[in-house]
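Q: Predicted model, plus sequence, below.
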Amino acid sequence: MGYKQLQIYDRSYKAALAIYRLTKGFPETEKFALASQMQRASTSIALNIAEGYAKRCSQEEFKRFLMMALGSANEMSVLIDFSKDLGYITEVQYEKASSEYDEIGRMLNAFVQTISKT
């Protein structure tokens, strides 16, 4: 089994794609600011899962990468809040994105706990 078979990887990858699509509608002034930060933070989750998986022979190293992914998920929650409060996304878009990253955070926490027990 590879990292692509991990449910958390798949979910975070799809969420990052959704963020790229969402930020296309942001104002041009945000192209290299908020939109770019959201794109980097969202992709960072999947990237850290993939990189950590490659180093899974060390549970502590894998856990470290999962914790970085969790940090990026938390960062996304703040960035989504900013996007809503600045009027760049609708309430519906906000609810969808916010709940998705909340769930990704829960999944990452559970995965870290599972790794910590083995």
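A: It's in. Numbers count the residues shown, from 1 in each chain.

Q: Buried ones in stretch 5-19, by neighbour count?
A: For stretch 5-19, the neighbour count (16 or more other C-beta atoms under 10 Å) marks 6, 8-9, 11-13, 15-16, 19 as buried. Yep, even glycine has a C-beta here, placed from its N, CA and C like the rest.

Q: what does it contact?
A: 3-4, 38-39, 42-43, 45-46, 49-50, 53, 69, 73, 76, 97, 100-101, 103-104, 107-108, 111 (C-beta atoms under 8 Å, 6 or more residues apart in numbering).

Q: what about this protein, any weak spots by pLDDT?
A: Applying pLDDT under 70 to the chain flags the ranges 118.

Q: show me where it has strands.
A: Counting by DSSP state E, one finds no strands in the chain.

Q: any chance you could map the helices in it?
A: Using DSSP state H, the helices assigned to the chain run over residues 7-23, 34-54, 59-85, 91-117.

Q: Next, work out how far apart I115 and Q7 are.
A: Counting by C-beta to C-beta, to the nearest Å, the gap between I115 and Q7 amounts to 14 Å.

Q: Equivalent analysis for A69, please.
A: From A69 over to Q7 (counting by C-beta to C-beta), the distance is 13 Å.

Q: which one of the helices of the chain is the most hemmed in?
A: A comparison of the helices of the chain by mean neighbour count, using mean count of other C-beta atoms under 10 Å, puts helix 34-54 on top with a mean of 20.

Q: counting contacts, what elements does it pack onto?
A: If you count contacts as 3 or more C-beta pairs under 8 Å, 6 or more residues apart in numbering; DSSP states H and E, helix 34-54 packs onto helix 7-23, helix 59-85.

Q: As JSON lines, those with distance to L34 would be great.
A: Formatted as JSON lines, the helices and strands packed on helix 34-54 follow (distance: least, C-beta to C-beta, whole Å):
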{"stretch": "helix 7-23", "distance to L34": "8"}
{"stretch": "helix 59-85", "distance to L34": "6"}
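
Q: Can you tell me which of these is nearest to V92?
A: helix 59-85 (10.5 Å; C-beta to C-beta).

Q: quick one: contacts for the spatially closest residue to L66 that is not a sequence neighbour?
A: In space, and not counting its chain neighbours, L66 is closest to V112: 5.1 Å by C-beta to C-beta, 6 or more residues apart in numbering. V112 sits next to 63, 66-67, 70 when contact means C-beta under 8 Å, 6+ apart.
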